[in-house]
Every structure is written in structure tokens, then in C-alpha cells.
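Q: What follows is a predicted protein model with its sequence.
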Amino acid sequence: MTDHNFQNDRRRLLRGALMGVAAAPLVYAGVRSSQASAQDMPKLSEDDPTAVALNYVHNAADKDDMRSEGANCANCALYQASDSEWGACSVFPGKLVNVNGWCSAWVG
Ligand code: SF4
């Protein structure tokens, strides 16, 4: 390797490292803002027409006659966990569902 090539490689490596360091706060801010906005969403009401249509309840035990044993929002593939007992669900965009809830769209 010539001295010229070595310096070009070193410059490219340094540039990549600097760009990674510069981007880290932006990625962190994006993650923080999506968590904050999820927690700002209203809780889904059991009376919401879509909730009624999908038999959603805050307490999965209320639908023991309909659900698979042990199925609830906490173990549903569509549940997006959060720090609280309320999390987002792609079936009910813009609303939070209870971690102990359940609906008939449950995906195991
Ligand atoms: S789709 Fe899953 S996470 Fe969403 S309400 Fe139904 S059971 Fe809960």
C-alpha cells in the first residue's frame, strides 16, 4: 500500500466514524420522541365502535369464553410495549390498549 492510499483510507475511516458520532443524538431524539408521543395517546375505550366490533376488553379474563388460554395484549405480536401498562397496537392506531387486555384480532 502506498502512503497516499493509506492516508485516503484513514481519512475515509475517520469521516465514517465522525458521521456515526454526529448521527447518534438524532437517532436517540427520534426514539425518545416516538416514546413520548405514544404515551400522549388516549386510552382506547371499550365503547369505541372498533373495540366493540373486535370484542376488545381491558381485562382479558372478561373474554375467557372467546380467547385462547393465556392470550392477552402483553403476548400479542401486535402489541408495542411501553413503560406503563398501556401500549400502542396497530389494530387501534392512535389509541393505547391495556397490557392485560385482549381483542379478537390477537396474534400469537
Ligand atoms: S390486536 Fe393484540 S395488542 Fe391489539 S388489542 Fe388485540 S390483543 Fe391487544
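A: Received the coordinates, thanks.
Q: ok, then the element right after the lowest-mean-pLDDT helix or strand in the chain?
A: Comparing every helix and strand of the chain by mean pLDDT, DSSP states H and E singles out helix 3-39 as the least confident one, with a mean of 55. The first helix or strand that comes after helix 3-39 along the chain, using DSSP states H and E, is helix 49-53.
Q: What helices and strands are in contact with whichever helix or strand comes after that following helix?
A: From helix 49-53 onward toward the C-terminus, using DSSP H and E, the following helix or strand is strand 79-80. With contacts defined as 3 or more Cβ pairs under 8 Å, 6 or more residues apart in numbering; DSSP states H and E, strand 79-80 has these neighbours: strand 86-89. From N, CA and C alone the C-beta is placed, and that goes for glycine too.
Q: Give me the contacts around the strand it packs on.
A: 38-39, 41, 43-44, 73, 76, 78-82, 95-99 (Cβ atoms under 8 Å, 6 or more residues apart in numbering).
Q: Which neighbours in the sheet does that strand have, and how are they oriented?
A: Take DSSP bridges as the rule and strand 86-89 pairs in its sheet with strand 79-80 (antiparallel), strand 96-98 (antiparallel).
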